[in-house]
Structures are given as structure tokens and as C-alpha cells.
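Asks: What follows is a protein structure lacking sequence information:
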């Protein structure tokens with residue numbers, strides 16, 4: 001019978017040279033940076049209605065929100081690959097400066113163009129922080145700890161995404177929009193201080209033919225079968241999560257749930273996912289076939305979505321199914337990132353690999369909700385979840401069956 005768990009004797013000899021505290025310090029610093037950078041995605045959500053009335057029409061709200069993701073789509077790979085050559089600290093610091101400046105500018109944007117540009121630059125700033133901070137953590141931990149890094153940083157990512165709207169809405173309600181966005185800017189400055197004082201970069205050699213080196217790195221990263229498998233799984237997981245987060249408020253309201261129930265469901269969905277990722281840190285590193293566990297968790301997350309399409313009136317039942325799906329989809333992340341992170345660390349292409357994995361996050365959030373929106377015109381909101389659950393269950397089952405073939409010629 002095939003074993004999917006590593007014995008304790010493998011891969012851990014290097015970790016003995018560092019104490020647990022030494023291993024976690026750079027991970028903790030990166031977790032703070034990732035939490036703050038991803039906070040900006042959801043922070044603006046409570047203010048979209050006000051922006052649509054004061055600055056732009058309702059037809060432009062989606063463009064304002066997605067400007068952040070589109071900017072990241074193009075900026076993340078570039079900043080990540082460049083950080084492999086010139087160091088992490090420089091890009092993180094520049095990103096945090098831009099992050100803070102754009103946070104201050106939100107309240108001063110008085111037309112569509114200025115608000116859209118602020119949102120785009122904010123996305124560029126985030127692209128220089130999140131993947132590069134992830135790469136920094138992997139740089140500074142011994143091999144065999146990639147799962148621990150992925151679980152902790154993935155938890156911070158989901159936590160920031162989940163509590164961003166809550167924090168933004170709370171500050172905005174009691175202190176106003178101006179204080180809310182300036183608070184986000186101040187958090188960016190605090191993170192900048194942390195990065196300048198505590199982050200210690202590794203010495204790097206930059207080749208003479210830098211352009212050729214970059215193209216070679218891109219070809220090597222995208223040609224990896226390990227990367228391809230992880231990218232496909234994460235793309236479809238994010239597609240699923242993006243649709244659930246985007247359309248579940250409409251589904252819940254159609255079933256008679258009030259706005260408090262909707263907000264509670266979305267927040268619990270993100271926070272519980274984050275907690276479970278933190279708790280999975282130790283187990284991930286002991287898993288031998290990480291892509292297998294990632295696919296199993298992804299498949300388990302898709303099946304309950306089918307049940308969401310039925311009009312159950314029980315709030316408890318709905319919350320259980322909803323959170324069950326979100327928890328399993330989140331648990332696939334640390335296994336995927338540990339798998340690609342281990343290979344990237346061996347090839348010394350950590351930044352570029354993490355950057356291109358971020359494409360799966362951006363593309364999934366863009367393509368998933370857009371495509372399923374077209375499905376809703378034919379089958380309605382409930383039909384979205386039925387189609388989504390069946391389609392993704394088949395996709396993950398298909399990848400599970402083909403996994404051995406895809407990874408057979410693993411680099």
C-alpha cells in the first residue's frame with residue numbers, strides 16, 4: 001500500500017541546525033506583511049456603494065474593484081522574478097511605500113479616473129509585497145519547513161481577505177471614510193518600519209546578461225510539471241472560492257437570510273479557513289505526496305456546493321455546508337505551496353515561482369465569477385452552485401486520476 005506520509009527521518013536533518021523560534025521569526029514577519037497587503041483587497045468593499053453614488057455610476061463599480069486584481073495580474077510575476085535577482089527587501093519596501101501613499105489618496109479621489117488609478121497603483125503595491133514576502137520566508141527557513149511556511153502565510157492571506165471588509169466597514173461607520181483609509185495607510189507605514197528594521201536580505205549575484213537570465217527563469221518555472229499541477233489545482237480552487245464569495249450573498253438573500261447572516265457567513269468562511277491553515281502547519285511537512293492531499297481536499301470542498309443550490313431553510317444546515325466547503329478548499333493551499341516551494345527552493349527560483357502561482361489566484365478570481373455570471377442568466381443564482389459543484393468535482397477527480405501521468409516526468 002502506498003504511503004502518503006513521510007517518516008520523521010527524512011528531510012529534517014537540516015532543521016536541527018535551527019531552533020523552532022529561529023525558523024518562525026522570518027515567517028512571522030512575512031505573515032504581518034501579507035496580512036496588511038491583502039487587507040486592501042477587501043477594505044474598499046464597504047465603500048463601493050458610496051463611491052458609486054458620489055464618483056462613478058453603478059456600472060463602474062466592478063471595474064473599480066477589479067482594477068486591483070488586474071494590476072496584480074501583470075505586476076506580480078515581474079516584481080517576483082526581479083526580487084530573485086536584486087533581493088526581497090528592496091521590493092517589499094517600495095511596495096509598502098506605494099501601498100501607504102495610495103491608501104491616503106483614496107479619500108481624495110474625486111472622479112472615476114483618479115479613483116481607478118489609485119486602485120491600480122494599490123494593486124501594483126500589493127504585488128510587490130505579498131509574493132515577495134512569501135519568497136522571503138522560504139529563503140530563510142531550512143528545507144522541510146515549506147509546509148509550515150505555506151500554512152502560516154496562507155492563513156494570514158485568508159484572514160486579511162476575510163476581515164478586510166469588517167475592519168473597513170467598522171472604522172468607516174464610526175469614524176468616517178477619511179479615518180478608515182488613513183488607518184490603512186498608517187498600517188502600511190508600520191509594516192514598512194518592520195521590514196526596514198527586521199528583514200535581513202541574502203547576498204545575491206546578478207549576471208551580466210540579466211534579460212537572458214530572466215527569460216530562462218520564466219521558461220524553467222512554467223516548464224515544471226510540479227508547477228503546472230499546483231497551478232491548475234489552485235486556479236480551480238480560487239475559481240470556486242471566488243464564485244462562492246461573490247454569489248453566496250445573493251443566494252442567501254433569495255433564501256430569506258438577512259444581511260447580518262450574509263456578513264457572518266462570509267466572515268466565518270474566511271476566518272475558519274485561516275484558522276485551519278494555521279493548524280495544518282505541522283502535518284503538511286510530514287505529507288509525502290502533497291498534490292494528492294491538495295486534490296482530495298479540493299474535491300471534498302466541491303461536493304457540498306451542490307447541496308447549496310437547494311432551498312434549505314435551516315440556517316444551521318446552510319452554515320455547516322458552507323463552512324465545510326470553505327475549510328476544505330483552504331486546506332489545499334499549504335500542500336500546493338509546500339510542493340512548489342520545495343522545488344523552487346532547490347532551483348533558487350522562489351520569487352518567480354510564487355509570483356506565477358499568484359496568477360492562479362488572480363485569474364481564478366477574474367474568470368470564475370465572470371463565467372458563472374453567464375451561467376446565472378440561464379440557470380439562475382441557485383443553478384450557479386449546482387453547476388459549480390458538479391463541474392469542479394469532475395475537474396478535481398479528473399486531475400486526481402491523471403496526477404501520476406502529469407507528474408511522471410517531474411523535473
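Replies: Structure's in. What do you need? Since the model is a prediction, treat every value here as computed from it, not as a measurement.

Asks: Can you name every helix or strand that the helix ranked longest in the chain contacts?
Replies: The longest helix of the chain (DSSP state H) is helix 350-406. In terms of contacts (3 or more C-beta pairs under 8 Å, 6 or more residues apart in numbering; DSSP states H and E), helix 350-406 is packed against helix 61-86, helix 130-139, helix 210-222, helix 225-254, helix 290-308, helix 315-347. Just so you know, the C-beta spots here come from the backbone N, C-alpha and C atoms, and that holds for glycine as well.

Asks: by how many degrees do that helix and helix 225-254 diverge?
Replies: Interaxial angle of helix 350-406 relative to helix 225-254 (axes from the mean of the first three to the mean of the last three C-alpha atoms, to 10 degrees): 90 degrees.

Asks: Out of the helices and strands packed on helix 350-406, which one sits most buried?
Replies: Among these, helix 130-139 has the highest mean neighbour count (mean count of other C-beta atoms under 10 Å), at a mean of 29.

Asks: Give me the contacts around that helix.
Replies: 26-27, 29-31, 33-34, 37-38, 76, 79-80, 83-84, 88-89, 91-92, 95, 146, 149, 153, 157, 199, 201-202, 337, 341, 344-345, 350-351, 354-355, 357-358 (C-beta atoms under 8 Å, 6 or more residues apart in numbering).

Asks: Give the buried residues for whichever helix or strand comes after it.
Replies: Following helix 130-139 in sequence order, the next helix or strand is helix 146-175 (DSSP states H and E). Across helix 146-175, burial judged by 16 or more other C-beta atoms under 10 Å covers 146-169, 171-172.

Asks: Please compute how far helix 146-175 lies from its chain's middle.
Replies: Offset of helix 146-175 from its chain centre (C-alpha atoms, centre = their mean, to the nearest Å): 11 Å.

Asks: which strands and helices sit next to it?
Replies: Short answer (3+ C-beta pairs under 8 Å, 6+ apart): helix 146-175 packs on helix 20-43, helix 130-139, helix 177-198, helix 259-279, helix 281-286, helix 315-347.

Asks: Give me the angle between that helix and helix 290-308.
Replies: Going by the same axes, to 10 degrees, helix 146-175 makes 40 degrees with helix 290-308.

Asks: mean confidence score for helix 146-175?
Replies: Taken as a whole, helix 146-175 has a mean pLDDT of 81.

Asks: One more: stretch 107-124?
Replies: So the average pLDDT for stretch 107-124 ends up being 84.

Asks: Pull the distance from that stretch to the chain's centre.
Replies: 22 Å.

Asks: Sort out which residues of it are buried, please.
Replies: Quick answer for stretch 107-124 (16+ other C-beta under 10 Å): 107, 109, 115-116, 118-124.

Asks: Go through these and flag which are in helices.
Replies: Short answer: these in helices (DSSP H) are 115-116, 118-124.

Asks: rewinding a little: would you mind saying which of the helices and strands packed on helix 146-175 lies nearest residue 225?
Replies: For residue 225, the closest of these is helix 315-347, at 9.8 Å, according to C-beta to C-beta.

Asks: Residue 198 - how many residues pack around it?
Replies: 13 (other C-beta atoms under 10 Å).

Asks: sorry, that was for residue 102
Replies: The tally of other residues near residue 102 (other C-beta under 10 Å) stands at 25.

Asks: right, and it touches residue 118 too?
Replies: Yes: the pair residue 102 / residue 118 is scored as a contact, 5.2 Å apart, by C-beta atoms under 8 Å.

Asks: hmm, which two among the buried residues of stretch 107-124 are most spread apart?
Replies: 107 and 124 (19.6 Å).
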